[in-house]
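Participant: coords below, sequence missing:
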C-alpha cells in the first residue's frame, strides 16, 4: 500500500486529490479494523466510480468515501445526492457483471464512510438498488 502524505507539502496544504486519497486510506483502514476485507479501490467505469470495494463474509460492500474539513456547508454524509447514488449503483452493476454476477443475484450493500473533520461516521446499507 502506498504511503499517503500528511500535513503540508511545499508551501501549501494537501491538494484535493491528496486529501481524498488520504481519506480513502483512512476509510479502508477503519473498515479493515472492523473486519471487512479489502478487494479494490477507485474502480471507474463510464458514468460512475466506486471508492472502495470490500467484502464482509459473503456480501460485497460498495463504499463511497466522503471527506469534509468541517461541517460549515453540511456534513460529508449529507453531500451524497440521489444522482451520486445512481452513479454508484451503475458502477457496481458493471463491476458485478464483469464477474458474472448482478445486483439482483449477489448479496451486496452500499455504505457511506463520511469523515467530517476528525469525526468518522459509517452508514451501513445507506441506500439500496
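Facilitator: Received the coordinates, thanks. The model shown is predicted, which means the values in this text are computed figures rather than measured ones. Numbers count the residues shown, from 1 in each chain.

Participant: switch to C-alpha atoms for all contacts and neighbour counts from now on
Facilitator: Will do.

Participant: I'd like to know how far residue 46 sits from residue 95.
Facilitator: In this view, residue 46 and residue 95 are 11 Å apart by Cα to Cα, to the nearest Å.

Participant: Could I get the contacting residues of residue 127?
Facilitator: With Cα atoms under 8 Å, 6 or more residues apart in numbering as the criterion, the residues that contact residue 127 are 85, 109, 110, 111.

Participant: coming back round to it: residue 46 and residue 95: which has the busier surroundings?
Facilitator: Neighbours around residue 46 and residue 95, counted as other Cα atoms under 10 Å, are more numerous at residue 95. The numbers are 20 against 9.

Participant: wait, is the more buried one part of a helix?
Facilitator: Yes. If the criterion is DSSP: H, G, I helix; E, B strand; the rest coil, then residue 95 is within a helix.

Participant: what ranges do the helices span in the protein?
Facilitator: Taking DSSP state H, the helices of the chain run over residues 16-33, 82-97.

Participant: Counting neighbours, which of the contacts of residue 127 comes out on top?
Facilitator: Among the contacts of residue 127, the one with the most neighbours (other Cα under 10 Å) is residue 110, at 22 neighbours.

Participant: Show me what it bridges to in the sheet.
Facilitator: Beta-bridge partners recorded for residue 110 (DSSP bridges): residue 62, residue 127.

Participant: and it, how far is that from residue 46?
Facilitator: Here residue 110 is placed at a distance of 19 Å from residue 46 (Cα to Cα).
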